[in-house]
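**Student:** I would like the atomic coordinates for the input below:
(chains A and B)
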Amino acid sequence: QSALTQPASVSGSPGQSITISCTGTSSDVGGHNYVSWYQQHPGKAPKLMVYDVSNRPSGISHRFSGSKSGNTASLTISGLQAEDEADYFCSSYTRSNSLGWVFGGGTKLTVL
Amino acid sequence: QVTLRESGPALVKPTQTLTLTCTFSGISLSPSGMCVSWIRQSPGKALEWLALVDWSDDKYYSTSLKTRLTISKDTSKNQVVLKMTNMDPADTATYYCARHLAAASGYYSMDVWGQGITVTVSS
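**Tutor:** Purely as a prediction, here's the structure:
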């Protein structure tokens, strides 16, 4: 069981928008603004898409955006494209016991 | 270009100690602000953070695994090494090393990942 809760799957048609949620606790997601999102294609390493809740690294499309409300963070992908089909993981810094990072179980995005 | 590459055995026996090496190029652990973590991913796809070492040689470990883990760095070789003792079939996973992004807020996400190394624990 992962520390952060994500839906197992979401789907959308090309051009549509989808949102993936990530629910934690006040010790992680709700306690600061250090939530990040990763995209992972089959057989590949995770790729950082959003950091510090809503910031995009250089080179990441503006179609990817992040937000947070309370203990739940969200990743929104607008203008869905076929290449967006992948697994998406959220992660949060935590200091509940000691310094560390927790991850969500991952969400499989299917572009219909 | 910044790259990280994991190396180590693909197969270990139960109770053995696993030693993994992360070799990086295009960056150095010497400058202030450099952090490297190890993360693993089970066949069921969940990611699990294991350990971190920073530029000043501070080390942090997963609470659940800290008794089995040792992380170290060799700045002269541009390497970070992870040792995990008493391996079990449940430790079968792909192991990644990753550099932490030096954002204005700090080092709370990982922006460069190695390709990963798959380790199977079996007798």
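
**Student:** rest of the way, CA atoms for contacts and neighbours
**Tutor:** Noted.

**Student:** my guess is residue B:49 is in a strand, correct?
**Tutor:** Yes. Counting by DSSP: H, G, I helix; E, B strand; the rest coil, residue B:49 is part of a strand.

**Student:** ok, what's across the strand from it?
**Tutor:** With DSSP bridges as the criterion, residue B:49 is bridged to residue B:39.

**Student:** hmm, it is touching residue B:39, no?
**Tutor:** Yes. The pair residue B:49 / residue B:39 is scored as a contact, 4.4 Å apart, by Cα atoms under 8 Å.

**Student:** per-residue pLDDT, the closest residue to residue A:6 other than its chain neighbours?
**Tutor:** Spatial nearest neighbour of residue A:6, chain neighbours left out: residue A:22 (4.9 Å); criterion: Cα to Cα, 6 or more residues apart in numbering or on different chains. Note for residue A:22: predicted pLDDT of 98.

**Student:** name the helix or strand for residue A:22, please.
**Tutor:** strand A:18-23 (DSSP states H and E).

**Student:** who does that strand touch, helix- and strand-wise?
**Tutor:** Applying 3 or more Cα pairs under 8 Å, 6 or more residues apart in numbering or on different chains; DSSP states H and E, one finds that strand A:18-23 contacts strand A:9-12, strand A:72-77.

**Student:** could you spell out the sheet neighbours of the last one, each with its direction?
**Tutor:** Partner strands and pairing direction for strand A:72-77 (DSSP bridges) are strand A:18-23 (antiparallel), strand A:64-69 (antiparallel).

**Student:** most packed of those strands?
**Tutor:** Ranked by mean neighbour count, those are led by strand A:18-23 with a mean of 20 (mean count of other Cα atoms under 10 Å in any protein chain shown).

**Student:** could you redo the helices and strands packed on strand A:18-23 as JSON lines and give each row mean neighbour count and mean pLDDT?
**Tutor:** Converted to JSON lines, these look like this (neighbours: other Cα atoms under 10 Å in any protein chain shown; pLDDT from 0 to 100):
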{"stretch": "strand A:9-12", "mean neighbour count": "16", "mean pLDDT": "97"}
{"stretch": "strand A:72-77", "mean neighbour count": "22", "mean pLDDT": "98"}
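
**Student:** could I get the ones you listed as TSV with distance to residue A:49?
**Tutor:** Shown next, in TSV, are the helices and strands packed on strand A:18-23 (distance: least, Cα to Cα, whole Å):
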stretch	distance to residue A:49
strand A:9-12	17
strand A:72-77	9
